[in-house]
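> Here is the input, now give the coordinates:
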Amino acid sequence: MKITGNKLYQRVAASITEAIEAGRWSPGSRLPGERDLAEEYKVSRPTIREAMIALEMKGWIEARHGSGLYVTKREHGSGERADSLNFDVGAFDLTEARILFEGEAVALAAVSITDEQLAELEELIEEMAADDSNEPSVMDADHRFHLAIANATGNAAIRSVVDYLWDLRVNSPLAANMFARAKRGGITPRVEEHRPILDALKAHDPHAARNAMRRHLRGVVDDLLEATELEAMQRARNEIETRRDSVARRLKIGSA
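Sure thing, here's the model as predicted:
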């Protein structure tokens, strides 16, 4: 099945809710694995993960520890239709947009950034490094670091776009949920990756600044992939253990 639409995760989630309502997966039944769903809908596994999180947040499915994702029991007529599954953007789309906009913003800033603005960025890196155990403090300094770079472009529109993208981390339920999952998985802010960005800005090297920013934000994508994949892998491992125990019990009965 091929899905089309602007928000791919939403279209996949909508198709799955339609399949549930049509009786393909009844309440209490287990959904196919991530790889199988990705092949069926011809999308990437990160898109499937975003769709699953959206469905879980809306109550269509639930994650059972060590077992997988199951269709929940819903009263007839109480289900939200597919068009209600709009969570704005997910963390993967958001970070991809940041790679595009902030990569070019830092390259532009490298041309005209002032010594005063460089000193501000230096202070923010020191602030992040000095209090790296306090995540809210680090995130605040991280936010101000990226906005300071946007300010250094001298372009108010660029500054507004970068500010808006950062706001989506909190204001988009799907993105916020995915970043929270990454945090629970032990993912921490990439403080050390800000230094190469600042070094490139000090050298007034647009090419190096762009590459450093993109490298940093691609690392964020890798963290999100790792965090969500670890959840899926743990469910798969637990399911295998459950099956192994079941087979062992059956073999004992046969040999009794």
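> tell me the SS of the closest residue to Pro27 other than its chain neighbours?
Excluding its sequence neighbours, the residue lying closest to Pro27 (Cβ to Cβ, 6 or more residues apart in numbering) is Lys73, at 4.1 Å. Backbone N, C-alpha and C define where each C-beta goes, glycine included. Assigned by DSSP: H, G, I helix; E, B strand; the rest coil, the conformation of Lys73 is coil.
> wouldn't Lys73 be in contact with Ser26 here?
No. Contact status for Lys73 versus Ser26: not in contact, 9.3 Å apart, counting by Cβ atoms under 8 Å.
> Strands of the stretch 1-150 of the chain, residue ranges please.
61-64, 68-71 (DSSP state E, counting those that start in this stretch).
> so of the ones you listed, which one's packed in deepest?
strand 68-71 (a mean of 20; mean count of other Cβ atoms under 10 Å).
> List the contacts of that one.
20, 25-31, 33, 52, 56, 60-64, 235, 239 (Cβ atoms under 8 Å, 6 or more residues apart in numbering).
> What residues of the strand or helix carrying Val170 count as buried?
Remark: Val170 resides in helix 156-171, with elements defined by DSSP states H and E. For helix 156-171, a neighbour-count test (16 or more other Cβ atoms under 10 Å) marks Ile158, Arg159, Val161, Val162, Leu165, Trp166, Leu168, Arg169 as buried.
> and that helix, what other elements does it pack with?
helix 91-112, helix 135-152, helix 173-184 (3 or more Cβ pairs under 8 Å, 6 or more residues apart in numbering; DSSP states H and E).
> what's the most buried one of the ones you listed?
Taking mean count of other Cβ under 10 Å, helix 91-112 is the most buried of those, at a mean of 21.
> tell me the mean pLDDT for that helix?
For helix 91-112, mean pLDDT rounds to 94.
> Please name every helix or strand in contact with that helix.
helix 45-57, helix 135-152, helix 156-171, helix 173-184, helix 194-202, helix 206-255.
> just checking, Glu135 touches Gly186?
No. At 11.7 Å, Glu135 and Gly186 do not qualify as touching, with contact defined as Cβ under 8 Å.
> so where's this structure shaky on pLDDT?
1-6, 65-66, 74-88, 131-134, 185, 228-256 (pLDDT under 70).
> Could you chop it up by domain?
Split into domains by the TED database, the chain comes to 5-71, 91-242.
> Can you flag the buried ones in the contacts of strand 68-71?
By 16+ other Cβ under 10 Å, the contacts of strand 68-71 give Ile20, Trp25, Leu31, Gly33, Met52, Glu56, Trp60, Ile61, Arg235, Glu239 as buried.
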